[in-house]
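Enquirer: Make a model of this:
(2 chains, ligands or ions: 2)
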Amino acid sequence: MASTATELKTEPTGQSHPDGSVAVAVDNLHVRFGSGASTVTALKGVSVDIAEGALVTMIGPSGCGKSTLLRAIADLAPASEGDIKVHGGSPRHARESRDFAFVFQDATLLPWRNAIDNVKLPLEVGGQGSNHADPEELLTLVGLKGREKALPDELSGGMRQRVAIARALVTRPRILLMDEPFGALDEITRDKLNEELLRIWTETGTTIMFVTHSIPEAAFLGQKVLVLAANPGTVKEYMPVDLPFPRNLAMRDTLEFIEITARLRKLLEEC
Amino acid sequence: MADAVGTEEALRSEKRAILAGAWVDRLPAIIAVIGLISGWQFIVTVFDVPTYIAPSPIDVLAGFRDNAKILWLNFWPTLMEAIAGFLVGNTIAVLLAITFVHSRMAEKAFFPIAVFINTIPIIAVAPILVLIFGNGYTPKIVIAALICFFPTLVNMVRGLKAVSPATLDLMRVLSATQTEVFWKVRIQSSLPFLFAALKIASTTCVIGAIVGEWIGSSFGLGALIIEATYNFRSPLLYATVFMAALLAVTLFSIVTVAERRLIHWKSPAVE
Ligand SMILES: Nc1ncnc2c1ncn2[C@@H]1O[C@H](COP(=O)(O)OP(=O)(O)OP(=O)(O)O)[C@@H](O)[C@H]1O
Ligand SMILES: [Mg+2]
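Expert: Numbers count the residues shown, from 1 in each chain, chains lettered A, B, ... in the order given. Ligands and ions are numbered 1, 2, ... in the order given. Next up, the predicted model:
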């Protein structure tokens, strides 16, 4: 645990939280679904610390429990055993005080609301406090200036996902949980959104946990990559990515990057 | 700015094109109707069918002219009963659906009863209702309400439940209350389902009112149909039937216009 913090400290991140505090602490987490003979063990004894301000990507074979881990942290799935602390408190407390926001694979926009009203949704429910970002500015931040009044079905998949990201940022969350947010997008759009996400991360200093199926994406975005193994879901490796920030797409052609993805691919093959 | 004007103009010409397209679309239907009416006139004239068996379209037109006053006089009660039944039946159905969605107990207790009521043929209950409520407007309104009730109940329950699990997850992450989920999500996603049912109800409520008027009533289009039949006043009978159809079509159009006004987004959920 201590090593996690020091490693992050020494990394040239340009982040605003170099004090080494932990945003999410997962300790010996077990998550089981169902009961009796049909019990599915999605996670078995997962322990991991996510440093405050870090950008951690998660990768692993399908069904290894990536979504489940993220959902447990977000208080969407209950822990069967073990403990999760978000900023020192329970996930439920974190949820109720809007410590985190969740970005799903589908944008899950409300189809009857235009872009700006979708971004405003979090401010209208759940007894919201007054600390929030300007929705218009957020749409500009995600590159959707001028499309405020567009309905979701008038936007492309990539644009919808941008709206979802703006919506997630509107409550100024300290943690952003993202479950394959760009999984359904084409590669060019995905590259663009990856760069944008890095920019947003640098600008906001938010802690980000990012699930993906793509090895290059995991390596390109992550300060660290959490590799999960399947059956049952356990931590295979928590691997730092030794690439400097700010990163740009050209870095993916460097030898260092290729070595990192090769290592990740090898780890995944062993899972 | 110039761009916005350009798109607006494009939109307008697009609308014009759509309108013209709509006429072209309807042309076959219009030609078919004219053809059918001409055919009807032709057969009646050529085979010299007696007017009391089947009046020609011209006879029916004369029926409208000669009986204009009693047609109008009997049109209003039916209109009133149909609309009152529509409002009462659908309101109860919607409120009950809302109760069902909020309470599994209520659904388990009352849904079977609703199904049972739906299985009784409306023609069979009509005399019972006339016995109970007398000869005034009440039994007709009750029958019209009953006939609207079930499809709306079923569709509304379906619509209120047709919220994707991902959207519910989103609302949970936002710590939205059940009430907020209801007002921000469920109501809107139920609207396409509700309107599908209301369109059915807009025509069946007229049937309900007329069936109610068949049984010992002295007013309304239903009573007029019975009277015209017994007296072999076929042109009047046909004219009355057309009035009833006109009433149903009018109500249907009103519901359709309301639907277009309210639902401005694409809803793939309803067939
Ligand atoms: N609600 C649930 N009920 C029962 N089993 C579940 C539930 N959610 C997840 N599981 C099971 O838990 C395991 C982990 O699922 P999870 O969705 O976390 O995997 P994942 O790593 O996100 O997979 P993918 O990469 O395909 O998204 C799977 O075996 C899955 O079948
Ligand atoms: Mg998943």
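Enquirer: CA only for contacts and neighbour counts going forward, please
Expert: Fine.
Enquirer: now stretch A:85-93, how far from the centre of its chain.
Expert: Its chain's C-alpha centre and that of stretch A:85-93 lie 17 Å apart, by C-alpha atoms, centre = their mean, to the nearest Å.
Enquirer: Relative to residue A:78, how far out is the closest residue to ligand 1 within the stretch 151-271 of chain B?
Expert: Ranked by C-alpha to the nearest ligand atom, the top residue of the stretch 151-271 of chain B for proximity to ligand 1 is residue B:165, at 10.6 Å. Going from residue B:165 to residue A:78 by C-alpha to C-alpha, to the nearest Å gives 16 Å.
Enquirer: can you check residue B:87 too?
Expert: Distance, residue B:87 to residue A:78, by C-alpha to C-alpha: 45 Å.
Enquirer: Ok, residue A:148 next?
Expert: According to C-alpha to C-alpha, residue A:148 and residue A:78 sit 37 Å apart.
Enquirer: circling back to that earlier point, which residue of residue B:165 and residue A:78 possesses the greater neighbour count?
Expert: Each of residue B:165 and residue A:78 has its neighbours counted (other C-alpha atoms under 10 Å in any protein chain shown); residue A:78 has more, 16 against 10.
Enquirer: What is the burial count for whatever residue of the stretch 1-150 of chain B ends up closest to ligand 1?
Expert: Ligand 1 sits closest to residue B:104 of the stretch 1-150 of chain B, with a gap of 20.8 Å, by C-alpha to the nearest ligand atom. Counted with other C-alpha under 10 Å, residues neighbouring residue B:104 total 10.
Enquirer: quick one: pLDDT of it?
Expert: If you check residue B:104, the pLDDT there is 90.
Enquirer: The residue in the stretch 151-271 of chain B that chain A sits nearest to in helix, strand or coil?
Expert: Proximity of the stretch 151-271 of chain B to chain A (C-alpha to the nearest C-alpha) peaks at residue B:176, 4.3 Å away. Three-state call for residue B:176 (DSSP: H, G, I helix; E, B strand; the rest coil): coil.
Enquirer: if I look at it, how far off is residue A:222?
Expert: Distance, residue B:176 to residue A:222, by C-alpha to C-alpha: 31 Å.
Enquirer: which outside residues touch the helix or strand where residue A:264 lies?
Expert: If you go by DSSP states H and E, residue A:264 is part of helix A:255-270. Helix A:255-270 is contacted by residues A:60-61, A:215-216, A:219-220, A:227, A:229, A:236-237, A:241, A:243, A:251-252 when judged by C-alpha atoms under 8 Å, 6 or more residues apart in numbering or on different chains.
Enquirer: same check, this time on stretch A:52-63
Expert: A:8, A:15-18, A:20-24, A:42, A:50, A:66, A:201, A:205-215, A:218-219, A:221-230, A:268, A:271.
Enquirer: Show me which residues of it are buried.
Expert: Residues of stretch A:52-63 classed as buried: A:52-61 (neighbour count, 16 or more other C-alpha atoms under 10 Å in any protein chain shown).
Enquirer: Just those residues: which are in helices?
Expert: Per DSSP state H, helices hold no members of the buried residues of stretch A:52-63.
Enquirer: From those residues, which land in strands?
Expert: Counting by DSSP state E, the buried residues of stretch A:52-63 place A:55-59 in strands.
Enquirer: Output the residues you listed in JSON lines; the columns should cover pLDDT and distance to residue B:237.
Expert: Shown next, in JSON lines, are these (pLDDT from 0 to 100; distance: C-alpha to C-alpha, whole Å):
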{"residue": "A:55", "pLDDT": "96", "distance to residue B:237": "78"}
{"residue": "A:56", "pLDDT": "97", "distance to residue B:237": "78"}
{"residue": "A:57", "pLDDT": "97", "distance to residue B:237": "76"}
{"residue": "A:58", "pLDDT": "97", "distance to residue B:237": "75"}
{"residue": "A:59", "pLDDT": "96", "distance to residue B:237": "75"}
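Enquirer: which parts of chain A sit against chain B?
Expert: Proximity of chain A to chain B, by C-alpha under 8 Å from any C-alpha of the partner chain, involves residues A:74-76, A:95-96, A:98, A:101-102, A:104, A:106, A:108-112, A:122, A:125-127, A:151, A:153.
Enquirer: Mind pulling the model confidence for the closest residue to residue A:91 other than its chain neighbours?
Expert: Leaving aside its sequence neighbours, residue A:91 sits nearest to residue A:75 (C-alpha to C-alpha, 6 or more residues apart in numbering or on different chains; 5.3 Å). What the model reports for residue A:75 is a pLDDT of 95.
Enquirer: which residue does the stretch 1-150 of chain A bring closest to chain B?
Expert: For the stretch 1-150 of chain A, C-alpha to the nearest C-alpha, closest residue to chain B: residue A:126, 4.3 Å.
Enquirer: what's the burial count for that residue?
Expert: Neighbour tally, residue A:126, other C-alpha under 10 Å: 21.
Enquirer: give me the low-pLDDT residue ranges for chain B?
Expert: B:1-8, B:267-271 (pLDDT under 70).
Enquirer: Strands of the stretch 51-200 of chain A, start to end?
Expert: Taking DSSP state E, counting those that start in this stretch as the criterion, the stretch 51-200 of chain A carries its strands at A:55-59, A:81-86, A:100-103, A:175-179.
Enquirer: And for chain B?
Expert: Going by DSSP E, chain B shows no strands.
Enquirer: tell me the centre residue of it?
Expert: residue B:202 (1.3 Å; C-alpha atoms, centre = their mean).
Enquirer: so who does that one touch?
Expert: Residue B:202 is in contact with B:86, B:248, B:251-252, B:255, counting by C-alpha under 8 Å, 6+ apart.
Enquirer: what's around the nearest residue to residue B:205 once chain neighbours are set aside, how many residues?
Expert: Counting by C-alpha to C-alpha, 6+ apart, residue B:144 is the residue found nearest to residue B:205 once chain neighbours are left out, at 4.6 Å. By the measure other C-alpha under 10 Å, the count of residues near residue B:144 is 32.
Enquirer: picking up where we left off before, tell me the mean pLDDT for the helix holding residue A:264?
Expert: 94.
Enquirer: Show me the domain layout of chain B.
Expert: Following automatic domain parsing, one finds the domains of chain B at B:1-48, B:57-262.
Enquirer: gap between the longest one and the chain center?
Expert: Going back to what we said before, that points to domain B:57-262. 6 Å.
Enquirer: and if you look at the first one?
Expert: Per C-alpha atoms, centre = their mean, the displacement of domain B:1-48 from the mean C-alpha position of its chain is 23 Å.
Enquirer: quick one: the helices in the chain?
Expert: Using chain A here. A:2-10, A:66-73, A:91-96, A:115-124, A:135-141, A:157-169, A:187-204, A:215-221, A:255-270.
Enquirer: Hmm, no, I was thinking of chain B.
Expert: In chain B, the helices defined using DSSP H lie at B:2-46, B:57-66, B:68-102, B:104-119, B:122-133, B:138-161, B:165-173, B:178-181, B:187-214, B:220-230, B:234-262.
Enquirer: by contact count, what packs against the second one?
Expert: What it means is helix B:57-66. For helix B:57-66, the elements it packs on are helix B:2-46, helix B:234-262, judged by 3 or more C-alpha pairs under 8 Å, 6 or more residues apart in numbering or on different chains; DSSP states H and E.
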